[in-house]
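> Just a sequence and a predicted model for now, questions to come.
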Amino acid sequence: MIRLDRVTKRYPDGTDAVADLSLDVATGELVTLVGPSGCGKTTTMKMVNRLIEPTSGRIFLDDEDITRADPVKLRRRMGYVIQSGGLFPHRTVLENTVTVPSLLGWDRRKAKARGVELLELVGLDPAKLGDRYPHQLSGGQRQRVGVARALAADPPVLLMDEPFGAVDPVVREHLQTEFLRLQQELRKTILFVTHDIEEAVRLGDRMAVFSMGGRIEQFDTPSSVLGAPANDYVADFVGADRGLKRLSVTEITPDDLELPPIVRLDDPMPEALAKLRAAGSRWAVVLDDAGDLHGWVDDRVGTGTVRDRARRMEAWVPVHASLKQAFGEMLQHDAGWVAVVDGDRFVGVLTPARLHEALRRSIGAEERDIPPADVVLDTIEG
Ligand SMILES: Nc1ncnc2c1ncn2[C@@H]1O[C@H](COP(=O)(O)OP(=O)(O)OP(=O)(O)O)[C@@H](O)[C@H]1O
């Protein structure tokens, strides 16, 4: 747990970067700090690992007041990732990754094994990339090495300052997805600075919206910040396209899904077609012998078994993915629907119409403070 208690930072030239700020990050929680350039996000973060000393106030890590802790020892308990990756240019990827274990005096074999494990964890091939130098990597790869390095000594806390800021939007989204998956596994306590509202919404369990002078205007879940901005500043900052941003924070639930007819790979085609016709559907989902998702088959007449005609389904998302992920899959694969799976088990399909309904229900639930399932949608009949 990290707790900032009425922290103020005034720089020697009189700039008030942070004013009387209180904030807490629970163990295993990811809190995003978001706000315009110069609003004091970085100053706030750097006070936590004592790269900057607060003028007043106290900062706690668990129950320890770290305003008095040894900064070097403190930083070993906190991984730190910065925008450019901050890698040492004359050290290889593997050497960069094990910077902290080496400083801690781990023996070389153990440190190397840890480096290899971490590169794999962040999706880089150690055999291929471990001996390269940072300039021989893409921007996205460098950021991943930055994350691997921060995790090397398994610190309980991660401080991340615009870690995905230097890469293009497509790579950024990819890194965010992987990072979320990683965090589900690792459950680090994370303070994450960004000026990108979409990123703050997507990654944060809670988000702190800053205004100039290091003031927090709202500190709440992304869903609440989007649904019920605390004041005009926050409403302006989160922007008019709140509905679109809600796509990122609204999870798919089983109630959103349609259940098309289901056939098996070994079913004879005429039997499968009869099933389709009975259900009034143009296509069916195909499951394999184990009951896992294989793909789909359409209603064109054919002989043989479903196996001869079935096509693989490329567009799928795990249950509890966001509506935005589902929409992204549909666009990427030019698909009219996406399959939703729980592990390998097929749960149902999400169609564009159902996705739209789920989004409207999510907005209605937030506005009226009721569960999404209780929202009654008026529909204009076409
Ligand atoms: N060493 C310093 N001396 C004086 N003023 C400083 C110093 N460092 C930062 N500031 C000022 O403090 C304020 C907050 O800066 P900070 O870097 O924390 O903002 P930020 O929100 O992280 O901005 P950005 O998104 O642009 O990185 C700014 O007005 C900045 O100019």
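It's in. Just so it is clear, the structure is predicted and the values come from calculations on it, not from any experiment.
> going forward, measure contacts between C-alpha atoms and count neighbours the same way
Will do.
> Report the contact partners of the closest residue to the ligand within the stretch 51-200 of the chain.
At 5.8 Å from the ligand, His195 is the closest residue in the stretch 51-200 of the chain, using Cα to the nearest ligand atom. Residues near His195 by Cα atoms under 8 Å, 6 or more residues apart in numbering: 33-37, 162.
> Ramachandran coordinates for it?
Listed backbone geometry of His195 is phi -100, psi 10, with angles given as degrees, to the nearest 10.
> Output the set of residues of the stretch 101-250 of the chain in proximity to the ligand.
Neighbours of the ligand within the stretch 101-250 of the chain, by Cα under 6 Å from any ligand atom: His195.
> quick one: the strands in the stretch 101-250 of the chain?
Taking DSSP state E, counting those that start in this stretch to define them, one finds strands in the stretch 101-250 of the chain at 157-161, 189-194, 206-211, 215-220.
> can those go into TSV with extra columns for mean neighbour count?
Converted to TSV, those look like this (neighbours: other Cα atoms under 10 Å):
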stretch	mean neighbour count
strand 157-161	23
strand 189-194	25
strand 206-211	25
strand 215-220	19
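> Let me have those in CSV, adding mean pLDDT as columns.
Output for the strands of the stretch 101-250 of the chain, formatted as CSV (pLDDT from 0 to 100):
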stretch, mean pLDDT
strand 157-161, 93
strand 189-194, 95
strand 206-211, 95
strand 215-220, 94
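> Run through the bridge partners of Val263.
Beta-bridge partners recorded for Val263 (DSSP bridges): Val286.
> in the helix or strand bottoming out on mean pLDDT in the chain, what counts as buried?
In the chain, no helix or strand scores lower on mean pLDDT, DSSP states H and E than helix 242-249, which sits at a mean of 77. Using 16 or more other Cα atoms under 10 Å as the test for burial, helix 242-249 gives 245-249.
> Between the contacts of His195, which sits nearest the ligand?
Nearest to the ligand, judged by Cα to the nearest ligand atom, of the contacts of His195 is Ser37 at 3.5 Å.
> just to revisit the earlier point, mark which of the contacts of His195 are buried, thanks.
Buried members of these, scored by 16+ other Cα under 10 Å, are 33-36, 162.
> So which of those are in strands?
For the buried ones among the contacts of His195, membership in strands holds for 33-34, with DSSP state E as the criterion.
> Pretty sure Val18 sits in a strand.
Yes: assessed with DSSP: H, G, I helix; E, B strand; the rest coil, Val18 lies in a strand.
> How much space separates it from the ligand?
7 Å (Cα to the nearest ligand atom, to the nearest Å).
> go on, Asp16?
Distance, Asp16 to the ligand, by Cα to the nearest ligand atom: 7 Å.
> was I right about that residue contacting Gly213?
Yes: using Cα atoms under 8 Å, Asp16 is in contact with Gly213, at 5.9 Å.
> For the closest residue to Asp16 other than its chain neighbours, the count of nearby residues, please.
Using Cα to Cα, 6 or more residues apart in numbering and skipping residues adjacent in sequence, the residue nearest Asp16 is Arg10, 4.4 Å away. Using other Cα atoms under 10 Å, the number of residues around Arg10 comes to 16.
> In contact with Arg10, which residues?
16-18, 54-55.
> Just among these, which is most surrounded?
Counting neighbours by other Cα under 10 Å, Val18 leads these with 27 neighbours.
> beta partners of that residue?
Bridge pairing for Val18 - DSSP bridges - gives Lys9.
> I figured it hits Thr43, correct?
Yes: under the criterion of Cα under 8 Å, Val18 makes contact with Thr43 at 7.3 Å.
> For Arg345, which non-adjacent residue is closest in space?
Per Cα to Cα, 6+ apart, closest to Arg345 is Asp292, 5.0 Å.
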